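[1] give me a 3D structure for the following:
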Amino acid sequence: MSDYGHLTRRDFVRDSAIGALALGVGISAGPPTFAAEAGAGKSLVALVRDEKVLGEDHKADPDILKKMLDEAIKSVTGESSAAAGWKKLIKPDDVVGLVPTKAVNPTHDELVKAVTAALQEAGVAADRIQNVQGKKDAVEKCTALISMPALKVHSLTGLGTVMKNYITFSGKASSYHKENNGKLGEIWQMPAVKGKTRLILVDALQPLFERGPKADPKYLWHYNGLMASADPVAAEAISLAIIMAKRKAFKGGETWELAPAPLCVAAADKEFNLGNSDPAKIAVKMTGWEKDALISA
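    I've put the predicted structure just below:
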């Protein structure tokens with residue numbers, strides 16, 4: 001497996017960590033552990049898949065997607081119902097900002113609509129929910145954020161999923177490109193977003209496993225997944241594991257490294273203390289379709 005450590009003095013990403021993730025992380029048998037409780041246990045990443053969620057047109061079936069979302073919320077919160085799970089994450093008086101991906105491989109609109117509907121069912125008024133991607137003034141007014149990136153590789157940051165999703169709030173996106181992607185974690189510490197993210201919801205329905213700037217159809221595939229976590233770094237680490245496993249399979253077993261190296265993953269942990277990148281501290285709870293999951297129990 002790829003060793004990105006030699007590319008940086010800080011040795012942000014080690015071969016042993018990435019290798020262990022790609023070969024499989026332990027499946028959680030207990031209740032979810034939120035990022036705030038990481039010191040007492042593992043960070044939980046809930047992964048839900050359904051082989052029928054995407055049609056030939058690559059659009060998501062709203063009913064199946066709703067069931068997947070409900071299951072993800074129950075898994076990540078430890079509640080017996082999705083409604084109770086949402087109420088554990090978000091309060092009716094919160095001003096909620098949704099942050100989906102806009103470019104290269106956008107977050108499915110069907111997922112944004114499903115989350116919006118679920119929040120309203122949980123008691124959040126429609127006028128307290130808005131899409132704030134790229135709107136720094138709007139995000140400053142939010143009390144809660146739900147980060148909703150699509151799983152993808154990016155030509156400017158290596159991995160373009162969780163850590164990169166807030167890059168537009170920085171006002172200086174180019175400062176985090178190429179070898180500087182290791183600094184993406186500092187955006188999560190900006191006053192406008194710090195401490196506001198209640199949930200990471202990764203759209204892994206149709207990931208992109210080779211860089212843009214435009215999405216080449218031959219590098220898109222129906223993974224049919226939805227990933228949820230309260231730990232952005234753990235969600236990013238599992239995202240990277242899936243991408244690297246897919247790239248290796250595409251190359252017939254040969255490692256296919258990312259360029260630039262995704263230094264942002266381990267840096268978010270070791271430099272910015274945003275969560276766990278160590279596979280020994282991450283538990284993945286998988287539900288649903290198991291074929292070609294690319295990470296195993």
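
[2] shouldn't Lys164 be within a strand?
    No. Lys164: not assigned to a strand; according to DSSP: H, G, I helix; E, B strand; the rest coil it is helix.

[3] what sits closest to it if chain neighbours are left out?
    In space, and not counting its chain neighbours, Lys164 is closest to Thr157: 5.0 Å by Cβ to Cβ, 6 or more residues apart in numbering. Bear in mind the C-beta positions are built from the backbone N, C-alpha and C, glycine included.

[4] and the gap between the one you found and Pro262?
    Using Cβ to Cβ, to the nearest Å, we find Thr157 at a distance of 7 Å from Pro262.

[5] now do the shared contacts for these two.
    Common neighbours of Thr157 and Pro262, using Cβ atoms under 8 Å, 6 or more residues apart in numbering, are Asn181.

[6] more neighbours, those two?
    Pro262 (33 against 26; other Cβ atoms under 10 Å).

[7] which SS class is that one?
    The three-state assignment at Pro262 reads coil, by three-state DSSP.

[8] quick one: it and Gly158 touch, right?
    Yes. Counting by Cβ atoms under 8 Å, Pro262 does reach Gly158; the two are 3.5 Å apart.

[9] overlap in contacts of the two?
    Shared contacts of Pro262 and Gly158, defined by Cβ under 8 Å, 6+ apart, comprise Asn181.

[10] tell me which element the nearest residue to Ala192 once chain neighbours are set aside falls in.
    Spatial nearest neighbour of Ala192, chain neighbours left out: Glu140 (4.6 Å); criterion: Cβ to Cβ, 6+ apart. Per DSSP states H and E: Glu140 is located in helix 136-141.

[11] strand partners of whichever helix or strand comes after that helix, parallel vs antiparallel please.
    Later in the chain than helix 136-141, the nearest helix or strand by DSSP H and E is strand 144-148. The strands beside strand 144-148 in its sheet (DSSP bridges) come out as strand 96-100 (parallel), strand 197-208 (parallel).

[12] run the chain-centre distance for the first one.
    Which is strand 96-100. Computed by Cα atoms, centre = their mean, to the nearest Å, the chain-centroid distance of strand 96-100 equals 13 Å.
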